[in-house]
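[1] Okay, sequence plus prediction incoming.
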Amino acid sequence: MKRPFFAVLGGMGTLATESYIRLVNRETHAHGDQDYLDYVVFNDASVPDRTAYILGQSDDNPFPVIADDIEKATAMGASFIVLTCNTAHYFYDDFQKLTPVPILHMPRGAVARMTQRYPRDRFPRVGFLGTTGSRKSGVYRRAVEEAGYTFVEPTDDLQARITSLIYDDVKGSGELNLERYESVLRDMLEPSGPCACDALILGCTELSVLNEAFPLPQLPTIDAQAVLVEDTVARAKALRAAAEVS
């Protein structure tokens, strides 16, 4: 019997897609080849930069490229679709209109997990770390504020450091620096600092690459990609179990 599979829309960027797949395989806790999940990966590196388009810095629209991948995944019979780029969720509603196949919503999943791990009565101020495109899109702001938290954006200086981590380190050189990464998190969490955050959301998969390399469990952070991995594995295993019963 053919088992259900899911489709991963990646390539935005490729190193982050590799991280996501690696974590999915690890989270599956397989004990043999047949225990792993069934999935198809679209590592579509041709997708134009989402932030540049959202900010009006480029006319190269990423929507048609990702939409084509969604249509292909639907035609292949995917049970659900995973969009691994946080910034691309700017187009989420229009993407979902293209297909009856459910597309997992990474920002909403991350905020849902935050409400469980960091309740708003103790962690009211939530800082967001991501691209300037994700900030402008308002996807995380809406989800965080709808959950009753105060949404905190980084200062211009902190955003520049976050952008450098994303574009210069992970996307660019591939050299990951713990000191540069941790200093940004701690500066956003500093009670006497300009942000004074109680918890942080890592809302960019390049930051998730850093989180995988340098886990800092002592800091109150939610890694959107890590949550997406857990949600992906749980859904895929449930679909497999249901198919085996039927």
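    Good, I have the coordinates.
[2] okay, CA-based contacts and neighbour counts for the rest of this
    Noted.
[3] Which helix or strand lies directly C-terminal to the host helix or strand of residue 20?
    Remark: residue 20 resides in helix 14-28, with elements defined by DSSP states H and E. Beyond helix 14-28 on the C-terminal side, the first helix or strand identified by DSSP H and E is strand 39-43.
[4] quick check: mean pLDDT across the longest helix belonging to the chain?
    Ranked by number of residues, the top helix in the chain under DSSP state H is helix 224-245. The pLDDT scores in helix 224-245 average 94.
[5] What of stretch 140-156?
    In this model, stretch 140-156 has a mean pLDDT of 96.
[6] With stretch 62-78 instead?
    Taken as a whole, stretch 62-78 has an average pLDDT of 96.
[7] any low-confidence regions in this structure?
    Applying pLDDT under 70 to the chain picks out residues 1.
[8] Going along the chain, name the helices of it.
    Ranges of helices within the chain are 14-28, 50-54, 63-76, 92-97, 106-117, 132-137, 139-146, 156-164, 178-189, 205-213, 224-245, based on DSSP H.
[9] Can you report how many residues neighbour residue 213?
    Neighbour count for residue 213, taken as other C-alpha atoms under 10 Å: 13.
[10] er, residue 75 actually
    Residues within reach of residue 75, counting by other C-alpha under 10 Å, total 10.
[11] From residue 3, how far out is it?
    Between residue 75 and residue 3 the computed distance is 16 Å (C-alpha to C-alpha, to the nearest Å).
[12] repeat for residue 211
    32 Å.
[13] again, but for residue 237
    As judged by C-alpha to C-alpha, residue 237 and residue 3 stand 10 Å apart.
[14] Those two: who's more crowded?
    Between residue 237 and residue 3, counted using other C-alpha under 10 Å, the more crowded position is residue 237 (18 against 12).
[15] ok, for the more buried one, nearest residue in space, not its chain neighbours?
    Excluding the flanking residues, the one nearest residue 237 by C-alpha to C-alpha, 6 or more residues apart in numbering is residue 37, at 7.6 Å.
[16] Run a quick neighbour tally on the spatially closest residue to residue 176 that is not a sequence neighbour.
    Spatial nearest neighbour of residue 176, excluding adjacent residues (C-alpha to C-alpha, 6+ apart): residue 169 at 6.0 Å. A count of nearby residues for residue 169, using other C-alpha under 10 Å, gives 19.
[17] same question, residue 242
    Counted with other C-alpha under 10 Å, the neighbours of residue 242 add up to 11.
[18] One more: residue 56?
    10.
[19] Equivalent analysis for residue 164, please.
    Residue 164 sits with 16 neighbouring residues when counted by other C-alpha under 10 Å.
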